[in-house]
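In: sequence isn't available, so here's the structure alone:
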């Protein structure tokens, strides 16, 4: 990618994008002597040539890459006469493991504007259905909840206060990690109850 990458902050942004995409990257620095780059610029067509002031400003603002920075590593520094190290580049880009994404580079699922309201309503309805099933003596039997692809089998009687506590824990967890679809909430909440009730 050849763009505004003469600024190290931009190169860091590109690094974050590759981490988010879970792909590899490397930095190739075409380290041309300033005098040679100036000659190349002067030989360009006038429509695409940098003015002398712009060229000098670009040279002044350029921040050379440094292999000590994780976002610029691996760094390949090439002079104009150097051959392109194809084998090494392929090794880095294809055979190297991509850096793991961290929370700052991962996209969070988009929550619907009424997500918390729906989460509260759906979990409240499920808790009410479980309490009702217990009152009807359905301990050890399948409790089918509307919207869930999985039934819930209660191994023992669960007090309403305990169900309320589990519901609050689930809501608290789901606030920071929203489910990508409201339709999945019943199934995920049933799975949460199954894992929590022993």
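Out: Nice, thanks for sending it over. Everything quoted here is computed from the prediction, not taken from an experiment.
In: okay, buried residues for the longest helix seen in the chain please.
Out: With secondary structure taken from DSSP state H, the chain has its longest helix at helix 115-135. Across helix 115-135, burial judged by 16 or more other C-beta atoms under 10 Å covers 115, 119, 122-123, 126-127, 129-130, 133-134. No exception for glycine: its C-beta is placed from N, CA and C like everyone else's.
In: same question, stretch 141-154
Out: For stretch 141-154, by 16+ other C-beta under 10 Å, it's 143, 145, 148, 152, 154.
In: verify the stated contact: the first one with residue 153.
Out: Yes. With contact defined as C-beta atoms under 8 Å, residue 143 counts as touching residue 153 (7.1 Å).
In: in the chain, which spans are strands?
Out: Using DSSP state E, the strands of the chain run over 27-30, 75-78, 142-143, 152-153.
In: now the ones you listed in JSON lines, please, with extra columns for mean pLDDT and distance to residue 56.
Out: Listed next are the strands of the chain as JSON lines, based on pLDDT from 0 to 100; distance: least, C-beta to C-beta, whole Å:
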{"stretch": "strand 27-30", "mean pLDDT": "90", "distance to residue 56": "19"}
{"stretch": "strand 75-78", "mean pLDDT": "94", "distance to residue 56": "23"}
{"stretch": "strand 142-143", "mean pLDDT": "84", "distance to residue 56": "75"}
{"stretch": "strand 152-153", "mean pLDDT": "86", "distance to residue 56": "72"}
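In: just put those strands in TSV and tack on distance to residue 11.
Out: Output for those, formatted as TSV (distance: least, C-beta to C-beta, whole Å):
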stretch	distance to residue 11
strand 27-30	7
strand 75-78	10
strand 142-143	55
strand 152-153	51
